[in-house]
Each structure stands twice: as structure tokens, then as C-alpha cells.
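K.L.:
Turn this into a structure:
(one chain, ligands or ions: 7)
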Amino acid sequence: MNLELATTTFVLVNFCVVIATETATKPHILLILVDDPGWSDVGFHGSKIRTPNVDKLASDGVILDKYYVQPYCTTTRGSLMTGRYPIHTANMVRYISQESVACSLLSKWGPYRRPTPDTPPRGFDSFFGFLNYGRDHFNHTHNGFLDFFRGEEVTREYHGQYATHLYVKEASRIIAEHNSSTPPFLYMAFENVHDPIQAPDEYLRKYKIIKHKERRGYAAMMDVVDEAIGNITEAFEGKGLWNDTLVIFSSDNGGDPVNRGYNYPLRGYKRTLWEGGVRAPAFVYGKMLKQKGVIVKELIHVTDWYPTLLSSTNLLGGTMDSNDIPVDGFDVWDTIAKGVPSPRTEILLNIDFPEKRPGLLLTYDTWYTGAAIRVGDMKLLMHVPNATWYQTPEDGGIAPPMEDIWDQKTNIVELALFNISADPTERHDVSRRHPDIVRQLKARIHEYQKTAVPPGIVPDDIMALVFAMKNKAWVPWRNTCNAR
Ligand SMILES: *[C@@H]1O[C@H](CO)[C@@H](O)[C@H](O)[C@H]1NC(C)=O
Ligand SMILES: *[C@@H]1O[C@H](CO)[C@@H](O)[C@H](O)[C@H]1NC(C)=O
Ligand SMILES: *[C@@H]1O[C@H](CO)[C@@H](O)[C@H](O)[C@H]1NC(C)=O
Ligand SMILES: *[C@@H]1O[C@H](CO)[C@@H](O)[C@H](O)[C@H]1NC(C)=O
Ligand SMILES: *[C@@H]1O[C@H](CO)[C@@H](O)[C@H](O)[C@H]1NC(C)=O
Ligand SMILES: *[C@@H]1O[C@H](CO)[C@@H](O)[C@H](O)[C@H]1NC(C)=O
Ligand SMILES: [Ca+2]
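P.N.:
Ligands and ions are numbered 1, 2, ... in the order given. Now for the predicted structure:
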């Protein structure tokens with residue numbers, strides 16, 4: 001396994017490592033990644049879920065209207081930290097660990113279940129959060145065992161306290177105690193609104209208008225996120241840092257209607273390459289932006305943050321890593337701050353065919369997404385589950401059971417072409433009308449496919465469970481990496 005992954009070991013230098021080199025007069029960065037909110041789950045897209053703090057920042061800042069992420073938590077997090085598409089990171093997040101300044105990671109790390117050594121802090125100065133992909137928000141267990149860390153140590157002291165409240169307290173403390181001679185970089189990777197659907201009563205009470213019980217719970221979870229962002233804003237203001245703070249807000253993948261997140265009117269959901277899976281709510285806010293109160297309709301992808309923060313405009317100070325595998329992202333600062341056209345004209349949304357997953361028998365692992373690419377107005381999808389459209393329950397839609405989604409996964413669309421500019425909800429397949437465009441886009445996918453590194457995905461390791469039982473908590477159990 002080590003050999004296969006050797007090429008990727010050096011790819012992934014996280015932001016924090018490189019900003020150590022230079023720090024004066026750079027903006028403070030608040031990077032907010034919310035887990036799983038869908039296109040129609042934020043106030044600034046017209047949701048009945050109220051997100052006034054988020055909406056205010058969005059409307060005073062720059063809303064990113066054609067912004068894409070990966071269809072899953074882990075791959076988006078990997079692409080965010082490395083500037084590479086998942087086909088160039090082996091779906092594994094590996095960070096080179098070095099000293100760095102003023103970087104804090106709160107909440108979710110993401111890639112864990114598998115034998116990898118990639119546990120935080122990994123380049124962050126501090127880490128407070130968990131390693132798996134969804135846990136009880138009050139007792140902090142995942143599959144029966146505690147998953148909660150302060151730095152590298154398991155913490156058992158917060159039983160019964162709602163996790164997002166704990167992160168906000170921690171963030172406020174970090175900001176208050178921060179030495180202002182170095183700009184803080186705060187990565188708030190929210191645990192909400194990922195399932196299980198749980199929120200304190202005071203938030204649930206605010207959503208009596210939503211009759212569907214689980215959707216009401218989901219709305220309350222999003223409400224907590226909004227309040228959290230308000231509180232963190234106040235913490236920056238209280239320290240006199242807000243005027244120089246750049247806020248990046250992004251969802252990590254589309255909403256999952258089984259867990260009551262919605263993307264209507266977009267088609268599809270989390271784990272799919274339809275717009276509902278990958279076109280995410282996002283905005284940038286900061287007083288240093290030259291344009292404000294605007295909607296940017298240029299193509300931007302989650303891989304773009306890495307070069308945007310580290311290249312020409314050099315918001316963080318420092319340089320990108322010099323790995324052989326080139327960065328896929330573009331520096332889109334001028335597009336966001338000044339409104340110039342995006343240097344990006346295409347986005348590889350993913351390539352994930354079943355034959356690329358040899359030897360994996362667990363159902364979860366055999367859920368492949370197919371392939372999709374967007375070039376200009378046009379988007380080609382190949383071998384994807386035939387996903388449908390789900391309207392929110394509060395607007396008369398249904399909350400589907402898991403079986404509905406399974407049905408769609410076995411019903412495959414072999415090939416479809418959409419003009420997303422004219423048909424953003426992917427209702428009219430125009431592949432027959434444009435065979436030339438189909439040919440071109442297929443060729444692009446095949447070119448990308450030739451550059452793919454071997455997938456690093458491996459089956460779950462039973463030893464993880466053995467160690468969890470022994471420690472009564474999920475803990476790192478095996479070191480397979482020489483990087484540290
Ligand atoms: C935590 O909550 C889950 C339900 O989400 C429950 O099954 C589990 O027993 C609880 N664990 C502890 C340690 O309280
Ligand atoms: C902040 O950092 C600077 C530079 O390292 C140092 O001189 C100063 O003493 C620090 N201030 C506090 C309050 O720790
Ligand atoms: C925000 O701050 C208020 C006042 O301190 C507190 O009551 C509330 O719980 C905080 N919200 C979150 C989400 O942490
Ligand atoms: C932030 O900017 C506002 C308006 O430009 C100004 O009034 C205020 O003093 C600034 N705050 C700090 C802490 O610099
Ligand atoms: C996708 O599913 C819809 C029904 O939801 C059906 O009308 C359509 O024919 C299916 N497309 C393919 C290619 O199977
Ligand atoms: C796609 O739609 C846009 C906007 O309606 C239009 O300008 C463009 O010509 C269309 N492209 C194709 C290939 O049909
Ligand atoms: Ca997610």
C-alpha cells in the first residue's frame with residue numbers, strides 16, 4: 001500500500017504549512033466549510049430556513065453562483081487543501097506536517113475509517129474536533145465509540161454538550177487569545193448539518209412552520225450554524241480584526257434528501273455529479289474586496305482556493321508546494337475581488353468508474369459516481385445514477401426514504417449532455433443534437449483519465465475497531481506513513 005501511495009505522499013501541503021514563511025499585513029482568514037447543506041438550504045437562495053447572519057455576509061460580499069465542489073465530504077476536503085482534483089490525490093488526504101503559525105482547525109477532519117496516518121493537527125497549530133464522518137452531536141460517539149480530540153489527545157469531558165456550541169466557544173477563545181502580530185487562519189469545518197439530525201430544543205421551536213419532523217430538525221441545525229457564524233464574527237470584531245478578515249463560505253457537497261438536505265430546483269443530491277450534488281452555495285466576504293454586493297457568474301471550483309490564497313495575490317504569504325503533480329486549481333482572486341472573467345473555462349467534476357475499485361465488496365465502497373465535466377455552458381455526464389429532483393417538504397415535496405435513492409443508483413444514465421446556462425436544472429438532454437460537443441467533452445474526460453494516479457482507497461481495517469474497543473474511543477491505531 002505504501003508503494004502505491006508514494007506518489008501522493010508529498011502532494012498535499014496544507015495552507016498552514018506554507019503561510020509560516022511570511023505573515024505581516026496579510027488578511028485574517030476565516031474559512032467556513034459547512035457539512036452537507038444543499039443549494040436550497042440557505043436563506044440567500046430563498047430557503048424558508050432562516051440564515052440572517054450568513055445572508056448578510058453574502059449580500060455584502062460576493063456570491064459565487066457557478067461554484068462547484070466534489071460530491072462527497074472527503075474528496076472536497078482533499079481538493080480544498082491541495083488544489084488538486086481527486087483523480088490527482090488518490091482520494092487520500094496526506095499533509096506534510098511542519099511548524100506553522102496561528103492555524104486552527106475546528107470540528108471535522110473527514111477521512112478516517114481506513115488505515116491512514118492522516119490525523120490532525122498535521123500542520124495546524126491546534127485541532128479540536130473529530131475524525132470520522134458523522135457522530136452523535138450530543139454524546140460525540142460514532143458507531144458506538146467516542147470520537148473527540150483536542151490536538152492528538154482523546155477528550156472525554158464534553159458529554160451531553162451540543163458539539164457546534166463547543167466549537168464556537170473554542171473559536172471565540174482562540175480569537176480572543178490570539179496574538180495579533182500574526183494573522184489568524186481559522187478553518188471552521190462545521191459538524192452541522194450532517195446527520196444524525198439533532199438540535200437543542202430552543203432551535204427546534206423556531207421552526208414550527210415546518211411540519212415534517214426531520215426537516216424541522218435539519219432547519220434547526222442550519223439555524224445553529226447561522227448563529228455560530230454570527231458569534232464568530234463578533235469574536236473577530238471584539239478583537240478588532242474584522243476589518244481585515246476575509247471570509248470564505250462553502251458547502252462541501254450537495255444536500256442529501258434522505259437526511260433532509262435539499263437542492264431544488266437542481267437535479268440530484270450528495271454523492272452524484274448532477275448539479276444538486278456538486279453546485280454548492282458559496283460566497284466570499286471581506287472589506288478588501290473591490291466589488292461588493294454582487295453575484296459572480298463565472299466558473300469557480302473548490303480546488304481554486306489553494307492557488308487563490310497562495311499564488312500571485314498571495315493572500316496568505318508563501319508559495320504553493322512544488323510537487324510533480326500539477327495543481328488543478330486557478331487563482332480566481334481577480335474574478336472574486338474585481339469581477340474579471342474567470343481564468344477557469346472547464347471543471348472536471350469527477351472520474352469514478354466501477355472498474356477502478358478492484359476488490360471492494362462493501363456496498364458503501366461500490367457506490368461510484370461515474371464521470372462528468374463542465375466546459376463553458378456545456379456539461380457531459382457518463383455512467384451516472386439517474387437522479388431526480390426533490391422539492392423540500394415545506395414547499396410540498398417529499399422526504400424520500402433510502403430505497404428511493406437506491407432505485408436511482410441502479411437506473412444508470414450512460415450518457416447525457418446539458419447546456420447548463422440554458423438549462424441549469426438538467427431537464428433536456430441535448431446529446432443527440434450536439435454529437436460534436438459530446439465527442440469533444442468525452443475526449444477531455446479521457447485525457448484527464450490518463451493523468452489519474454492509482455486510487456488510494458482501501459477497505460476498512462478491523463484493527464481500528466479492536467483499538468476502539470480497547471480505548472473506548474476511536475484512536476489512531478497504525479502508522480503506515482514515513483512522512484511523519
Ligand atoms: C450516544 O447516542 C446514541 C444515539 O445517537 C446512542 O445510541 C448511544 O448509546 C449513546 N452513547 C452514549 C455513550 O451515551
Ligand atoms: C506577540 O508576538 C510578538 C512577535 O512574536 C511578540 O514580540 C509579543 O510579545 C507577542 N505578544 C503577546 C501578548 O504574546
Ligand atoms: C452564541 O452566543 C450566545 C451568547 O453568548 C450563546 O447563547 C449561543 O449559544 C451562541 N451560539 C452558538 C451556536 O454557539
Ligand atoms: C473598521 O472600519 C470602520 C469603518 O471603516 C472604522 O470605523 C473602524 O474604526 C475600523 N475598526 C478597526 C478596529 O480598525
Ligand atoms: C431517468 O428516470 C426518469 C424517471 O424519473 C425516466 O423518465 C428516464 O427515462 C430515465 N432516464 C434513463 C436514461 O434511464
Ligand atoms: C447554451 O445556452 C446559452 C444560453 O442560452 C447559449 O448562448 C449557447 O449558444 C448555448 N450553447 C449551445 C451549444 O447550444
Ligand atoms: Ca459533507
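
K.L.:
correct me, but Arg77 touches Leu131?
P.N.:
No: checked against Cβ atoms under 8 Å, the pair Arg77 and Leu131 is beyond contact range at 11.9 Å. All C-beta spots, glycine's among them, are computed from the backbone N, C-alpha and C.

K.L.:
Can you list the low-confidence ranges for the chain?
P.N.:
Scanning the chain with the threshold set as pLDDT under 70 gives 1-25, 90-123, 312-314, 317-318, 354-367, 455-460, 479-484.

K.L.:
Can you show me the helices along it?
P.N.:
Using DSSP state H, the helices of the chain run over residues 2-9, 15-19, 52-60, 73-82, 163-176, 201-204, 213-238, 275-278, 305-310, 333-338, 402-410, 435-450, 462-471.

K.L.:
Let's see the third one as CSV, backbone CA atoms only.
P.N.:
Extracted C-alpha coordinates of helix 52-60, given in CSV (Å, rounded to 0.1, in the frame of the first residue of the first chain):
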residue,chain,number,x,y,z
PRO,A,52,-29.7,36.0,8.6
ASN,A,53,-26.0,36.2,9.5
VAL,A,54,-24.9,34.2,6.5
ASP,A,55,-27.3,36.2,4.2
LYS,A,56,-25.9,39.5,5.4
LEU,A,57,-22.3,38.5,4.7
ALA,A,58,-23.3,37.0,1.4
SER,A,59,-25.2,40.1,0.3
ASP,A,60,-22.5,42.5,1.5
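
K.L.:
Show me which residues of the stretch 51-200 of the chain are close to ligand 7?
P.N.:
Contact residues, the stretch 51-200 of the chain versus ligand 7 (Cβ under 5 Å from the ion): Cys73.

K.L.:
Strands of the stretch 51-200 of the chain, start to end?
P.N.:
Counting by DSSP state E, counting those that start in this stretch, the stretch 51-200 of the chain has strands at residues 62-68, 103-108, 126-130, 141-142, 145-146, 149-150, 153-154, 185-189.

K.L.:
Reformat the ones you listed into a markdown table and put mean neighbour count and distance to ligand 1 next to each item.
P.N.:
What follows is the strands of the stretch 51-200 of the chain, written out as a markdown table (neighbours: other Cβ atoms under 10 Å; distance: least, Cβ to the nearest ligand atom, whole Å):
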| stretch | mean neighbour count | distance to ligand 1 |
| --- | --- | --- |
| strand 62-68 | 23 | 33 |
| strand 103-108 | 24 | 17 |
| strand 126-130 | 22 | 13 |
| strand 141-142 | 19 | 5 |
| strand 145-146 | 22 | 7 |
| strand 149-150 | 18 | 17 |
| strand 153-154 | 12 | 14 |
| strand 185-189 | 24 | 21 |
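
K.L.:
OK, now which residue of the stretch 351-484 of the chain is nearest to ligand 7?
P.N.:
The nearest approach of the stretch 351-484 of the chain to ligand 7 comes at Thr369, 13.9 Å away (Cβ to the ion).

K.L.:
same check, this time on the chain
P.N.:
Closest contact between the chain and ligand 7, by Cβ to the ion, is at Cys73 (3.4 Å).

K.L.:
Quick check: that residue vs ligand 1, distance?
P.N.:
Distance of Cys73 to ligand 1, given as Cβ to the nearest ligand atom, to the nearest Å: 19 Å.

K.L.:
try Val384
P.N.:
Using Cβ to the nearest ligand atom, Val384 is found at 33 Å from ligand 1.

K.L.:
That residue: neighbour count?
P.N.:
Close neighbours of Val384, defined as other Cβ atoms under 10 Å, add up to 26.

K.L.:
hmm, back to that, quick one: residues contacting the residue of the stretch 351-484 of the chain closest to ligand 7.
P.N.:
Residues in contact with Thr369 (Cβ atoms under 8 Å, 6 or more residues apart in numbering) are Pro71, Arg271, Thr272, Leu273, Gly277, Asn350, Asp352, Val384.

K.L.:
rerun that using 6 Å as the cut-off
P.N.:
Applying Cβ atoms under 6 Å, 6 or more residues apart in numbering, we find Thr369 in contact with Pro71, Leu273, Asn350, Asp352.

K.L.:
Cool, thanks, talk later.
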